[in-house]
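Undergrad: sharing a model prediction with you, sequence too.
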Amino acid sequence: MMYHSVAHLLDGREGALCVCEYEGNDMSSQQIEAENLGPIEHVKFSIEGPGVTVLVAPNGTGKSILLDAVASAARGKGKLPLRDRTKRGSVSAFGCNITIGASTRYTGQFEVQHIEGRFDLATLVDPQIKSPVAADKARIKALVMLTGVEADRALFERHQAFTDFTEVVPYDATTTDDLVDMASRVKQKYDAAALLAERAAVHQRGQAASLKTDMDLSVEHDAVVLRQAYDAAHDRVVQLKHQQAAADQYARRIATAKSVLQNGSQHTIRDSIRDARTSIEDNEQNIAKTRAEKDAVAAQIAELQQRQAELVAHEQSLASKNYGLKQQIGVCERQLEELAVAERAVAAVFSPPPSDEEMAQAVAAEAAAAAQMERGHRVREAIEKEQRAASYRTEAEKLEQKAARYRDAAKATDEVLSLSIDCKHLRVESDGDSARLVTDTARGPGVAYHELSEGERWKVAIDIGADQVGKGGLLVISQVGWEGIDGRNRRLIHDHAVQREVYILTAEAASDPDARREIVAQTLTTHREQSDTQQVAVPAKNTTPTKQPAVIVNRDEMLSDADDIPF
C-alpha cells in the first residue's frame, strides 16, 4: 500500500499538530500498535472513521509519546524512547513499521514530505499572545509553514511594487528561511528608505524656502546692458574731468608765461649768452695755453712744484667758472623754451572749464549707473536663487514621490505574503501599520481573524488542515492543545472534521484518578449521533483495547440539541 504524508509538528511547543496525508487509501479503519515505547508496554487500537479520536489515560502513561510516534511514522524520521529494561520496541502505523532499539529504523512503503517549522494549526487558533498584532504575526508564520511556502526574495522582486528592490533591500537583509521575517525585514528597509527620502524632501524644501526673495525681478538686470550704461556715464565724467584739468593747466601756463615776459627780454638774454660763450672761448684758449706750459715744465717738476700748484689752482678756478657759465646757459635755454611755450599758449584757442551744474549732473548720472549695476547684480543673484529654489522644490517632489512609492511598497509586503500563502480561507491585509489576517464571513468581507470566536477559528484551521491533507487525512493535536479546548468547541471540531472527512488524533488525561494506567482510544460522536443515542459505552477495566475500541464520550462534554453551532 502506498501512502503520502505531510507532517507538521510543533517543536517543543504545546498544542502541536501533525498533518498526515494519504492518497488512495481508505481510512475507514486504521490500526495503530505500539510495544515497549517509553512507558507503554503494549497498546493497540483503531481509528474509526472521520472525526476526533482521543487517547485517554492518566498522566505519565505515554499518550504524548504515542502521538509523537504517530507523527514519526508520518514523517518517516525521528527518535523514539525505548521502554526501560527492554532491548527492542516497535510502532506500527499506516503501513509503516518502526523498530526501536540502539537506533530507530523505519520500514514500509511510507513516502514522507515533512514541513519543517515550529508553528501549526493550533497557533492559528490561539498563539497564546495577548497583542492582536503580534498574535497575527505568529498566525501568519504558522500559515506560511503549513502551506509550505519557502522564503525567497524573488517573491518580492517579481512584484510590481518593488521596482527598485535591489537598491533598497541588500541581499544580506533577506538571508532567512522565514518568509514572515523576510517580509518584515523588507518592510523595515522600505520604511527606512521612505523616511530618509521624506527627510531629504524636507531638507530640499527648507533650502528652497531659504532662497526666497521679495526683490522685483522684472527690472533691467542684464550685466552687459548695465555695464555699457555705466561705462558711458563714467566716460562722460572722465571726459569732463580731463577738460577741467586741461583748463587748469592752461591757466597755470598762462600765468607762468606772463611772469616770464614781465621779468626779462629776449635781447638781454641773448647778449648774456653771447658774452658767456665768448668768455668760454677765451677761457678754453687760456686752458690750452696753460696746459702747454704745464707740459713744458713737466720735466722740471721737482723744482717747479710750487708753480705747478698755482697753475692747477688757476686751472680749477677757470673750470669752475666755465661750469657756472654752462649752468647759466642751461637756465637761459630753458627760459627760452618756456617763452616759446607761453607764446604758443597765448596764441592757442581757449577751452573753457565745465560748469558746476554740468559736472554735478555727470557725477549723479555716474552714481545712478553704478546703483543700477549693483541692483542688477542683486536681481541676478535673486533670479539664480529662485532657479536653485525651483530645483530644490523639484527634487523635493521627486523625493516625496519616492517616499510614497517606498511606503506603498512597504505595505505591499503584506500582499506578497497573501499571494504567496494562497490560502482560500485566510488572507493577509494591512491595517496601515501591520500585517493582519482576515477572512470573509456572513458578517461581511475582511473580518479580522482574531475577532472570530474560538470555534470559528478552529473551523477555519481545520479547513486549512483538511485542504493540506485531503480527504481521509490525519490531523494530530497534542494533549495540552486539546485540553485547552472547551467541551462545546471540541464537539464543533469533531463535527467539522467529520464534515471534511479528516481524522483527528489527540490525547487527554483521564478524569478518574483511580483509572488504570493504560491508554484507551475514545472516538467522539457527532452532535446528531449523540442526540440519537443516550447510551455511552465504556470498555471494561483492566483490559487492553481491542482492534475495535468502544466509543467513550465524557458526559460533561455533551451538548443538547438546543445548543447552536457557531459555523
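TA: Looks like it arrived, so ask away.

Undergrad: residue contacts, residue 318?
TA: 283, 286-287, 290 (CB atoms under 8 Å, 6 or more residues apart in numbering). Glycine gets a C-beta too; all of them are placed from N, C-alpha and C.

Undergrad: same thing but at 10 Å, please
TA: 279, 282-284, 286-287, 290 (CB atoms under 10 Å, 6 or more residues apart in numbering).

Undergrad: need the next SSE after the helix or strand hosting it, C-terminal direction.
TA: Secondary structure from DSSP states H and E places residue 318 in helix 301-347. Of the helices and strands lying after helix 301-347 in sequence (DSSP H and E), the nearest is helix 356-421.

Undergrad: what packs against that next one?
TA: helix 132-147, helix 154-157, helix 165-168, helix 179-210, helix 223-263, strand 427-430, strand 435-441 (3 or more CB pairs under 10 Å, 6 or more residues apart in numbering; DSSP states H and E).

Undergrad: residue 512 reaches residue 520, doesn't it?
TA: No. Using CB atoms under 10 Å, residue 512 is not in contact with residue 520, being 11.0 Å away.

Undergrad: the more surrounded of the two?
TA: More crowded of residue 512 and residue 520, by other CB atoms under 10 Å: residue 520, with 23 against 10.

Undergrad: need the pLDDT of the residue lying closest to residue 229 once chain neighbours are set aside.
TA: Excluding the flanking residues, the one nearest residue 229 by CB to CB, 6 or more residues apart in numbering is residue 369, at 5.1 Å. With respect to pLDDT, residue 369 scores 92.

Undergrad: what number of residues lie near residue 369?
TA: Around residue 369 there are 21 residues (other CB under 10 Å).

Undergrad: just the one 5 residues further on next, same as before
TA: Residues within reach of residue 374, counting by other CB under 10 Å, total 12.

Undergrad: show me what contacts it?
TA: With contacts defined as CB under 10 Å, 6+ apart, the neighbours of residue 374 are 226, 230.

Undergrad: state the distance from it to residue 219.
TA: Remark: distance between residue 374 and residue 219 (CB to CB, to the nearest Å) = 12 Å.

Undergrad: residue 95 too?
TA: Taken as CB to CB, the span from residue 95 to residue 219 is 98 Å.

Undergrad: between the two, who's got more neighbours?
TA: residue 95 (16 against 11).

Undergrad: quick one: residue 434 from residue 426, how far?
TA: Taking CB to CB, one finds residue 434 at 15 Å from residue 426.

Undergrad: so for these two, which residue has more residues nearby?
TA: Counted by other CB under 10 Å, residue 434 and residue 426 do not tie: residue 426 has more neighbours, with 21 against 15.

Undergrad: how much space is there between that one and residue 437?
TA: In terms of CB to CB, residue 426 sits 5 Å off from residue 437.

Undergrad: which residues touch the residue nearest to the spatial centre of the chain?
TA: Nearest to the mean C-alpha position of the chain, by CA atoms, centre = their mean, lies residue 193 at 2.5 Å. Counting by CB under 10 Å, 6+ apart, residue 193 touches 164, 167-169, 402-403, 405-407, 409-410.

Undergrad: now do residue 176
TA: 151, 153, 182, 184-185.

Undergrad: narrow the residues you listed to just the buried residues.
TA: 151, 153, 182, 184-185 (16 or more other CB atoms under 10 Å).

Undergrad: grab the two from those that are most spread out in space.
TA: 153 and 184 (13.3 Å; CB to CB).

Undergrad: for burial, what's the neighbour tally of residue 272?
TA: Residue 272 has 15 neighbouring residues, counting by other CB under 10 Å.

Undergrad: that should have said residue 274, apologies.
TA: Each residue near residue 274 was counted by other CB under 10 Å, and the total is 10.

Undergrad: same deal with residue 474?
TA: Residues near residue 474, counting by other CB under 10 Å: 27.

Undergrad: what about it, distance to residue 524?
TA: Residue 474 is 15 Å from residue 524, by CB to CB.

Undergrad: residues in contact with residue 452?
TA: Here residue 452 is in contact with 125, 439, 441, 443, 458-460, 566 (CB under 10 Å, 6+ apart).

Undergrad: for residue 88, same thing?
TA: Counting by CB under 10 Å, 6+ apart, residue 88 touches 35-36, 82, 99-102.

Undergrad: need the phi and psi values for it.
TA: Backbone torsions of residue 88, given as degrees, to the nearest 10, read phi -150, psi 140.

Undergrad: just the pLDDT at it, thanks.
TA: For residue 88, pLDDT reads 87.

Undergrad: could you do residue 171 as well?
TA: 90.

Undergrad: wait, isn't it in contact with residue 182?
TA: No. Judged on CB under 10 Å, residue 171 makes no contact with residue 182 at a distance of 11.7 Å.

Undergrad: which neighbours do the two have in common?
TA: Common contacts of residue 171 and residue 182 (CB under 10 Å, 6+ apart): residue 153.

Undergrad: roughly how far is stretch 410-430 from the heart of the chain?
TA: Relative to the centre of its chain, stretch 410-430 is centred 24 Å away, using CA atoms, centre = their mean, to the nearest Å.

Undergrad: please save the CA atoms from it in PDB.
TA: Only the C-alpha atoms of stretch 410-430 are listed here, as PDB (Å, rounded to 0.1, in the frame of the first residue of the first chain):
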ATOM      1  CA  ALA A 410       6.300  48.500   2.400                       C
ATOM      2  CA  LYS A 411       2.600  47.900   2.600                       C
ATOM      3  CA  ALA A 412       2.800  45.600  -0.400                       C
ATOM      4  CA  THR A 413       4.900  43.100   1.600                       C
ATOM      5  CA  ASP A 414       1.600  42.000   3.100                       C
ATOM      6  CA  GLU A 415       0.200  41.500  -0.400                       C
ATOM      7  CA  VAL A 416       3.200  39.400  -1.200                       C
ATOM      8  CA  LEU A 417       2.600  37.300   1.900                       C
ATOM      9  CA  SER A 418      -1.000  36.900   1.000                       C
ATOM     10  CA  LEU A 419      -0.300  35.900  -2.600                       C
ATOM     11  CA  SER A 420       2.400  33.500  -1.600                       C
ATOM     12  CA  ILE A 421       0.300  31.800   1.000                       C
ATOM     13  CA  ASP A 422      -2.500  31.300  -1.500                       C
ATOM     14  CA  CYS A 423      -5.000  30.200   1.200                       C
ATOM     15  CA  LYS A 424      -8.700  30.500   0.300                       C
ATOM     16  CA  HIS A 425      -9.700  30.600   3.900                       C
ATOM     17  CA  LEU A 426      -7.400  33.400   5.200                       C
ATOM     18  CA  ARG A 427      -5.500  36.200   3.600                       C
ATOM     19  CA  VAL A 428      -3.100  38.900   4.700                       C
ATOM     20  CA  GLU A 429      -4.100  42.500   4.600                       C
ATOM     21  CA  SER A 430      -2.500  45.600   6.100                       C
END
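
Undergrad: perfect, I'm done here.
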